[in-house]
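Visitor: Got a predicted structure here, sequence first:
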Amino acid sequence: MHHRDLKAPASFMDVNPIIGPLNEAQREAVTAPAHEPALVLAGAGSGKTRVLVHRIAWLCAVEGLSPFGILAVTFTNKAAAEMRGRTETLLGLPPGGMWVGTFHGIAHRLLRMHHAEAELPETFQILDSDDQLRLIRRTLRALALDEKQWIPRQVQWFINARKDEGLRPGAIADTGDYARQQLVRIYAAYEEICRQSGLVDFAELLLRSVELLRDHPELLSHYRRRFRHVLVDEFQDTNALQYQWLQLLSGGEVPVFAVGDDDQSIYGWRGARVEHIQAFPRDFPRCRIYRLEQNYRSTATILKAANHLIRFNADRMGKSLWTEGEEGPPILLYGAFNERDEARFVVERIQQLVADEGLRRADVAVLYRSNAQSRLFEERLMEQGIPYRVYGGLRFFERLEIKDALAYLRLSVNRHDDASFERVVNQPTRGIGERTLQTIRDTARERGVSLWTAAELLRETGGLPTRAGNALHRFIELVEAMAEAREGLPLFEQVARVIELSGLQDHYLKEGEAGRTRVENLEELVNAARGFDFDPQIHGEMSDVDAFLAHAALEAGEGQGGRWEDCVQLMTLHAAKGLEFPVVFITGLEEGLFPNARSLDEPGRLEEERRLCYVGLTRAQRRLILSYAQSRRIYGRDHVTEPSRFLDELPSELIQDLRPPVQVRPLGRSTGTTAHSNRLRGTESAFRIGERVRHQGFGEGVIVDCEGQGASARVQVRFDGVGSKWLVLEYAGLQRVG
DNA sequence: GGTGACAGTGTTTTT
DNA sequence: CACTGTCACC
């Protein structure tokens, strides 16, 4: 294959739109020498995406590179779509031939194009994490290992972590540790099943494509000649494998333009290595470093707070954001009594902002540490009739009903897809139970054939009880009927026919309210199929059904089902990265929750939590509202909580406490002389949750909850041997004990 | 083989 | 608390 750079006539291009809107630092990065690697340290809100997009435009329009020679990699599908869209707008034409995608998407594309060299069947299938987990369960069963001892999730984590390090089972050092040896054995068995069935999990996409390039010099040099420039977004999130992949692709010949921010590295727990930022200049010689420190997003107040917080981290590359923008309103802080009060407060504030300041609901984001926290906000918002949208959580293509429908589709395409067979053979229930299934499995193993073939064999030989045999017969006929019904139809009608025949809709309709949305989702799946556009460049010779199935695995379907309504945005702090909102609530700022308890023992992980907080703060454009609860119910039990240390790490003069004279407050930490706890220190008579008190009638007890303010303030006290009582502070005459 | 009750269990973040 | 998996009963 020969590709020539199509030299764009630079003299005809007006470079003004490209460099005009940039500040000096951005301009330097965008116009960096085209043949040298560059590392752009881009602070939050400093125009990172803009620099990437303008860099591409600069390379094409001024340096004369063809879009064909450009590879741009991101982490999320959304970021990839945005980059493509904005480049198109800036250049005024679609950058044909340019490769823009996620690491996984591009790896997928490479493997499709070179499946033979990668030793994969042409129709290899992608496993999402749920599929992977099921397959691991199957592997454990095959090895006759107890799931209680070898917990599937942990096995999954082990395998993925090894793959992310680029390690095959054979390459893992034997430390003599029995558990580890077993895990490696499971890994090897899992890998073997994947190989036999042509299955590729997420980590495998990357690992396999690294191996593909590494072991096929002719391919590698082809791509090194083809790509004249590689751009990487969110570089701080690259894991060992992704970094290796970049090194391999570059080979010191292809310049890499990496943009990242060490202060926003929040995926260390899943293998991302911030150290790659430090390593970059060493591994990519002649690299130039650029810093973007001017922030265009937030008010000076918000920025000051964020800068102050992040300075508590050691080991930073050192970067300080500044803005020419106005001070803006102070940061608000609300110490809620409990998690319900917190939700009440947040929703009330949103209503106020919408009513008083004419804010759109979509301008407001409510951020939290863990998905479970969304529920309370959802309930409250629903109660108040405020439309909202929750990001993250279960994605469209990960939903049960969608996966069921896709499994039928898959099975009707490839009868020997065992995972799909197992998934739907008795879904909806049709009288093929565990016992029958086990017979099928055994037969399959004995004969070395697929479950489908085994089922057919059993049907013919009558090796099953009549009832089970009949049920199995009907199932086989059903799948055959699906395959037949699909013939000659456009993709979306094929999907519709399969759903229709599967009986899933009736099945879910019986489940009442929850089933109703499942049916709606199935309808939405038909729409997704209708809207799916087949890309011959990626999908090559694949059938449209296969292509759609690959698409479903790779794009969890963030855009699916999202209404265009003006909605309050609910999401985790992780999910908020890369986004911005006029108003941001950061909730649940409590020790143990945020920072998360599991991150407290290790300094590195605590710093990551702090960076997560930094990410949250810097999402806000104008208004930032922080909250914590003094008591939080976790797994049905109330816990007394302390305000997050991150609150202490914000400059107190920037923060306006919404409840200055607190009646009841949580027990301060032993170090409790920090700014925030000082601010919390109320009047002498104030009681704290967790404090021991004495009551004339009930004796001694502990304050466990509280509500109301001033004269109506009440506390709940758990009295020794007596139980819990709610008491009005004013009349209870409580005395502190000890 | 299907269905319900019950107990046990685990809970961060996700391409 | 909410979900999953197990077990007894239909």
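Guide: Looks like it arrived, so ask away.

Visitor: Every contact and neighbour count from this point should use C-alpha atoms.
Guide: Noted.

Visitor: Quick check: the gap between residue A:481 and residue A:350.
Guide: Separation of residue A:481 from residue A:350 (CA to CA, to the nearest Å): 53 Å.

Visitor: which one of these two has more residues nearby?
Guide: Shown here are residue A:481 and residue A:350; by other CA atoms under 10 Å, residue A:350 has more neighbours (23 against 15).

Visitor: tell me which element the more buried one falls in.
Guide: Taking DSSP states H and E as the definition, one finds residue A:350 inside helix A:339-357.

Visitor: right, and the helix or strand after that helix?
Guide: Moving toward the C-terminus from helix A:339-357, the next helix or strand (DSSP H and E) is strand A:364-368.

Visitor: touching DNA strand B at all, that next one?
Guide: No. Using CA under 7 Å from any atom of the strand, strand A:364-368 stays clear of DNA strand B, coming no nearer than 8.8 Å.

Visitor: Which secondary structure state does residue A:257 sit in?
Guide: strand (DSSP: H, G, I helix; E, B strand; the rest coil).

Visitor: My read is that it contacts residue A:234, right?
Guide: No. Assessed by CA atoms under 8 Å, residue A:257 is found out of contact with residue A:234, at 11.2 Å.

Visitor: Pick out whichever of these two has more residues nearby.
Guide: residue A:257 (26 against 23).

Visitor: what sits opposite that one in the beta ladder?
Guide: For residue A:257, the beta-bridge partners are residue A:38, residue A:231 (DSSP bridges).

Visitor: before we move on, back to that, so what's the model's average confidence on the helix holding residue A:350?
Guide: Helix A:339-357 shows a mean pLDDT of 93 in the predicted model.

Visitor: before we move on, what about stretch A:516-535?
Guide: Averaging pLDDT along stretch A:516-535 gives 85.

Visitor: How far off centre is that stretch?
Guide: Its chain's C-alpha centre and that of stretch A:516-535 lie 22 Å apart, by CA atoms, centre = their mean, to the nearest Å.

Visitor: Same question for stretch A:107-121.
Guide: For stretch A:107-121 - counting by CA atoms, centre = their mean - the centre lies 26 Å from the chain centre.

Visitor: In this structure residue A:300 contacts residue A:328, no?
Guide: Yes. Contact criterion CA under 8 Å: residue A:300 and residue A:328 qualify, at 6.8 Å.

Visitor: Those two: which has the busier surroundings?
Guide: A direct count of neighbours by other CA under 10 Å for residue A:300 and residue A:328 places residue A:300 higher, at 22 against 14.

Visitor: Residue A:129 is in contact with residue A:553, correct?
Guide: No. Contact criterion CA under 8 Å: residue A:553 and residue A:129 do not qualify, at 9.3 Å.

Visitor: Can you give me the buried ones in stretch A:621-637?
Guide: A:621-632 (16 or more other CA atoms under 10 Å).

Visitor: sorry, that was for stretch A:318-330
Guide: A:319-323, A:329-330.

Visitor: Could you measure from the closest residue to DNA strand B within the stretch 201-350 of chain A over to residue A:598?
Guide: Taking CA to the nearest atom of the strand, DNA strand B has its nearest neighbour within the stretch 201-350 of chain A at residue A:269, 5.4 Å off. Remark: distance between residue A:269 and residue A:598 (CA to CA) = 11 Å.

Visitor: again, but for residue A:356
Guide: For residue A:356, the distance to residue A:598 equals 40 Å [CA to CA].

Visitor: neighbour count winner among the two?
Guide: More crowded of residue A:356 and residue A:598, by other CA under 10 Å: residue A:598, with 12 against 9.

Visitor: In contact with the spatially closest residue to that one that is not a sequence neighbour, which residues?
Guide: Sequence neighbours aside, residue A:592 is the residue nearest to residue A:598 in space, at 7.7 Å (criterion: CA to CA, 6 or more residues apart in numbering). If you count contacts by CA atoms under 8 Å, 6 or more residues apart in numbering, residue A:592 has them with A:598, A:600, A:644.

Visitor: re earlier: closest to residue A:175 among the buried residues of stretch A:318-330?
Guide: residue A:319 (41.2 Å; CA to CA).

Visitor: Pretty sure the closest one sits against residue A:43.
Guide: Yes. Using CA under 8 Å, residue A:319 makes contact with residue A:43 at a distance of 7.4 Å.

Visitor: Now for the two: what residues contact both?
Guide: Common neighbours of residue A:319 and residue A:43, counting by CA under 8 Å, 6+ apart, are A:291, A:293.

Visitor: who's more crowded, residue A:553 and residue A:129?
Guide: When neighbours are counted by other CA under 10 Å, residue A:553 and residue A:129 differ, and residue A:553 comes out ahead with 20 against 16.

Visitor: what about the more buried one, distance to DNA strand B?
Guide: As judged by CA to the nearest atom of the strand, to the nearest Å, residue A:553 and DNA strand B stand 10 Å apart.

Visitor: tell me the pLDDT at that residue?
Guide: With respect to pLDDT, residue A:553 has a value of 83.

Visitor: got it, and residue A:709?
Guide: So residue A:709 comes in at 51 (pLDDT).

Visitor: can you check residue A:374 too?
Guide: Residue A:374 is assigned 89 on the pLDDT scale.

Visitor: neighbours of the closest residue to it other than its chain neighbours, just the number please.
Guide: Closest residue to residue A:374 apart from its sequence neighbours, by CA to CA, 6+ apart: residue A:570 at 7.0 Å. Neighbourhood size, residue A:570 [other CA under 10 Å]: 26.

Visitor: Would you mind giving the secondary structure of residue A:570?
Guide: Following three-state DSSP, we place residue A:570 in the strand state.

Visitor: Look up how far residue A:44 lies from it.
Guide: Taking CA to CA, one finds residue A:570 at 20 Å from residue A:44.

Visitor: and if you look at residue A:131?
Guide: Taking CA to CA, one finds residue A:131 at 36 Å from residue A:44.

Visitor: Who has more neighbours out of the two?
Guide: Taking other CA under 10 Å, residue A:131 and residue A:44 do not tie; residue A:44 has more neighbours (30 against 19).
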